[in-house]
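1. Pasting a predicted model and its sequence here:
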Amino acid sequence: MLRCFALVLTVLFSPWSAWAQDEPPPSRCVAIANAFPSATYANFTPSRAVPLILAQTFVDGDVTITYAGHSTYIIETPGGVRIATDFSGVYGGDPLPRVATMNKAHRTHFTDFPDPAIDYVLRGWNPEGGPARHALVVDDVYIRNVPTDIRNWGGGLERDGNSIFIFEVAGLCIGHLGHLHTRLSDQQFGQIGRLDILMVPIDGGMTQSLASMSEIATRLYSSMILPMHRHSTPLGEFTGMMGEGFQVEFRPSRSLQVSLKTLPSRPTIVVLEGV
């Protein structure tokens, strides 16, 4: 209640120009709001009387997360938006997502022929060159990305070929590392900000070593860590590197429901069925 009251006071005493539609919506996950591009609003029109941040504050409820396979998680928001991560069309396509995010490293993480019925196809790279820049509000979720480099087939680095996608919904900050090939800089950690839920590849080498990936996950220190892209890596190798500060929980289901109120009180690696 106090948090909502403080937000109301902020809105009442802040100039509307700070919340205009041609500005990026303020991120609850980062302190530096101007690090992101201008946002596109999709089927969600913020009123001049009720700015976006206030409207989003009252979108409450559980977020459902389902492991579909490989690096594809399905995120279903309280407002009914269905999102598929690292979408190749093999996993998470039935029913079709409304939003599909993709990454470039391998064909198992993207498709050149997404179903035209998918409303928003967000590529983690820019086909025209330079970094991909996404800042999209779809109903009750704000989707943005942090570009990273990838290894190309010749063994060199390709600038901005991957994206970490971040989904801000129902007060939660959910991050998907994608096919992350490189260590993150301090600037990139700052752009990512707080992540309550982290989806992390643990293949042990196709992306990065388990030691490197556990360093990243430890620094982000999310309340819930969801492994993915495991292949044949023993789960114990990853959980062991994360150390005793992280609890491990195996779930007998591919899906879980979570809200800001039900996040684990202790950082927890949650292994869903199929991972």
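-> Now that the structure is in, tell me what you want to look at.
2. Please count neighbours and contacts with C-alpha atoms only from this point.
-> Will do.
3. my read: Ser212 touches Arg183, true?
-> Yes. Judged on C-alpha atoms under 8 Å, Ser212 makes contact with Arg183 at a distance of 7.3 Å.
4. Compare those two and say which is more crowded by neighbours.
-> Neighbour count, other C-alpha atoms under 10 Å: between Ser212 and Arg183, Ser212 has more, with 18 against 14.
5. Assign that one to helix, strand or coil.
-> Here Ser212 is recorded as helix under DSSP: H, G, I helix; E, B strand; the rest coil.
6. Val99: how many residues sit nearby?
-> Look at Val99: counted by other C-alpha under 10 Å, it has 20 neighbours.
7. Next up, the contacts around it.
-> By C-alpha atoms under 8 Å, 6 or more residues apart in numbering, the residues touching Val99 are Val81, Arg82, Ile83, Ala84, Ile118, Asp119, Tyr120, Val121, Leu122.
8. which neighbours does the longest strand along the chain have in its sheet, and in what orientation?
-> Ranked by number of residues, the top strand in the chain under DSSP state E is strand 157-169. Pairing partners of strand 157-169, with direction, according to DSSP bridges: strand 141-151 (antiparallel), strand 172-176 (antiparallel).
9. for the ones you listed, which one sits closest to Phe250?
-> When these are compared by C-alpha to C-alpha, strand 172-176 sits nearest Phe250, at 19.7 Å.
10. pLDDT (mean, whole number) over the strand or helix carrying Met241?
-> Assigned by DSSP states H and E, Met241 belongs to helix 235-242. For helix 235-242, mean pLDDT rounds to 90.
11. what does stretch 130-139 give?
-> pLDDT averaged over stretch 130-139 gives 91.
12. Please work out how many residues are found near Ala117.
-> Ala117 has 9 neighbours, counted by other C-alpha under 10 Å.
13. Look at Arg82 and report its pLDDT.
-> Looking at Arg82, its pLDDT reads 98.
14. What residues are bridge-paired with it?
-> Under the criterion used (DSSP bridges), Arg82 bridges to Glu76.
15. And it, how far from Met241?
-> Counting by C-alpha to C-alpha, to the nearest Å, the separation of Arg82 from Met241 is 33 Å.
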